[in-house]
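Enquirer: Got a sequence here, can you model it:
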Amino acid sequence: MLSRVAETLYWLARYVERAENVARLINVNNLLLMDLPKGASAGWEPLIDIIGVREVYLQVGGDFSEKSILKFLTVDERNPSSILNSMRNARENTRTVREVMPRQVFEAVNSLNYYIKENAADALSKRGRFGFLEKVIESVHEIFGTLDATISHDLGYDFIRFGSLLERADMTSRILDVRSANLLDMPSTKPFENIQWMSVLRSLSAYQMYRREMGVRIRPEDVLQFLLKSRTFPRSVTFCLSKLKYLMQDAPNNALMLDRIDHSINELQKQDVDSLKGKVLHDYIDELQIDLADIHSQLAEQYFLHEGDSQSQSQSSA
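Expert: Presented below is the predicted three-dimensional model:
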């Protein structure tokens, strides 16, 4: 497989996964603000930090009002990680590899791209927001489902899955870092604490599976254990890393990649979740995100950068 094709498939998956992650974050934050009394939460500003675009947001002169942040995260062309730009980049990548991409996949990506552009006003209105975001989430599921059912499960498909899983692990780490910053040190009697921890789980569609695996009670330590170390939940960091290792088993010249992924898995398994509180948690998540970025860099150096042909795609959320 050409390195150009492998890189394009990898970034296609990252952009599509990113669009869904941002849509889910906005949806859950909207529901959280309706559950909490006014002044009991940080509003919309944390979403800017979760996506990792604060510097860009400040450069464009945005305030931290609901309207400004929603526009920036959904349909602002100045934000490289907006839903609009993520799907625009996904469409361009899909077009570039039309020769290996099933027609149904290109049509699904193209359709969602046009839906976002044509319904931008709905994304910004209270009445249309929920329907717009649900359409994005459902369409992304359709794209990945169509990929799974129609593309050959060969090395190219492995790069698609690798991109999706790495983006997913990165988003899980970001949500835990930003959302838990003002929660872990709260007294257990703090009103509405459970609602906020439930929002962390729901941001990752993890609430029902958490209750099934960890029990009904919402405890910060249990949430961290589940989202960092579960081997069965598909958005936990351990699950994603384990799948990345599995995908690399049959890749050519895979020794360095397997060592890099094994290092991240081993470091994660050594962590005592009960000790991850406050600054300790923040410092560990920083290390984890560096590990994930290193996995991307190792992959790019080994499989994408031959003869200086890298596409230099956006890694603003990597």
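
Enquirer: Residue ranges in the stretch 201-318 of the chain under the pLDDT threshold?
Expert: When the per-residue scores of the stretch 201-318 of the chain are filtered using pLDDT under 70, the ranges that remain are 305-318.

Enquirer: do that again at 90, thanks
Expert: Where the stretch 201-318 of the chain drops to pLDDT under 90, the residues are 202-203, 215-221, 250, 273-283, 305-318.

Enquirer: I'd guessed Asp177 sits against Tyr284; true?
Expert: No. Under the criterion of Cβ atoms under 8 Å, Asp177 is not in contact with Tyr284, lying 9.1 Å apart. C-beta here means a position set from N, CA and C on the backbone, and glycine is covered the same way.

Enquirer: Neighbour count: these two, which is higher?
Expert: Taking other Cβ atoms under 10 Å, Asp177 and Tyr284 do not tie; Tyr284 has more neighbours (21 against 18).

Enquirer: I'd like to know how far the more buried one sits from Glu17.
Expert: Here Tyr284 is placed at a distance of 23 Å from Glu17 (Cβ to Cβ, to the nearest Å).

Enquirer: swap in Lys243?
Expert: 13 Å.

Enquirer: Enumerate every residue touching the closest residue to Ser230 other than its chain neighbours.
Expert: In space, not counting the residues next to it along the chain, Ser230 is nearest to Ser236; the distance is 3.9 Å by Cβ to Cβ, 6 or more residues apart in numbering. Ser236 makes contact with 172, 226-230 under the criterion Cβ atoms under 8 Å, 6 or more residues apart in numbering.

Enquirer: Would you mind checking which of those residues is nearest to Leu276?
Expert: Out of the contacts of Ser236, the one with the shortest distance to Leu276 is Leu228. That distance is 8.2 Å, counting by Cβ to Cβ.

Enquirer: residues near that closest one, how many?
Expert: The burial metric for Leu228, expressed as a neighbour count using other Cβ under 10 Å, is 22.

Enquirer: my read: it touches Val273, true?
Expert: Yes. Between Leu228 and Val273 there is a contact at 6.7 Å, judged by Cβ under 8 Å.

Enquirer: now Arg129, what's its secondary structure?
Expert: Secondary structure, DSSP: H, G, I helix; E, B strand; the rest coil: Arg129 is helix.

Enquirer: Just give me the longest helix of the protein.
Expert: The helix that spans the most residues within the chain, counting by DSSP state H, is helix 3-35.

Enquirer: can you pull the contacts of Gln271?
Expert: 228, 284.

Enquirer: repeat that with 10 Å
Expert: Gln271 sits next to 224-225, 228-229, 280-281, 284, 287-288 when contact means Cβ atoms under 10 Å, 6 or more residues apart in numbering.

Enquirer: domain ranges for this structure?
Expert: With automatic domain parsing serving as the domain definition, the record reports that the chain contains domains spanning 1-151, 154-309.

Enquirer: Off-centre distance for the longest one?
Expert: Right, domain 154-309. 10 Å (Cα atoms, centre = their mean, to the nearest Å).

Enquirer: Spell out the residue ranges of the helices in the stretch 51-200 of the chain.
Expert: For the stretch 51-200 of the chain, the helices identified by DSSP state H, counting those that start in this stretch occupy 54-59, 66-74, 83-96, 103-118, 120-124, 126-150, 155-180, 193-203, in order along the chain.

Enquirer: ok so, going back, which residues are in contact with both of Leu228 and Val273?
Expert: Counting by Cβ under 10 Å, 6+ apart, the contacts common to Leu228 and Val273 are Tyr284.

Enquirer: how near is the nearest residue to Ser82 once chain neighbours are set aside to Ser86?
Expert: Using Cβ to Cβ, 6+ apart and skipping the chain neighbours, the partner closest in space to Ser82 is Asp76 (5.1 Å). Asp76 sits 12 Å away from Ser86, taking Cβ to Cβ as the criterion.

Enquirer: ok, which stretches of the stretch 201-318 of the chain are helices?
Expert: Using DSSP H, counting those that start in this stretch, the helices assigned to the stretch 201-318 of the chain run over residues 207-214, 220-229, 237-248, 255-270, 279-299.

Enquirer: Which residues are in contact with Ile151?
Expert: With contact taken as Cβ under 10 Å, 6+ apart, Ile151 is in contact with 9, 100-102, 104-105, 157, 160.

Enquirer: hmm, I was thinking of Tyr115
Expert: For Tyr115, the residues meeting the contact criterion (Cβ under 10 Å, 6+ apart) are 87, 122, 132, 135-136, 139.

Enquirer: Turn the residues you listed into a markdown table, columns for pLDDT.
Expert: As requested, the contacts of Tyr115 are arranged in a markdown table below (pLDDT from 0 to 100):
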| residue | pLDDT |
| --- | --- |
| Met87 | 97 |
| Asp122 | 93 |
| Phe132 | 96 |
| Lys135 | 96 |
| Val136 | 97 |
| Ser139 | 97 |
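
Enquirer: Nice, that's everything, thank you.
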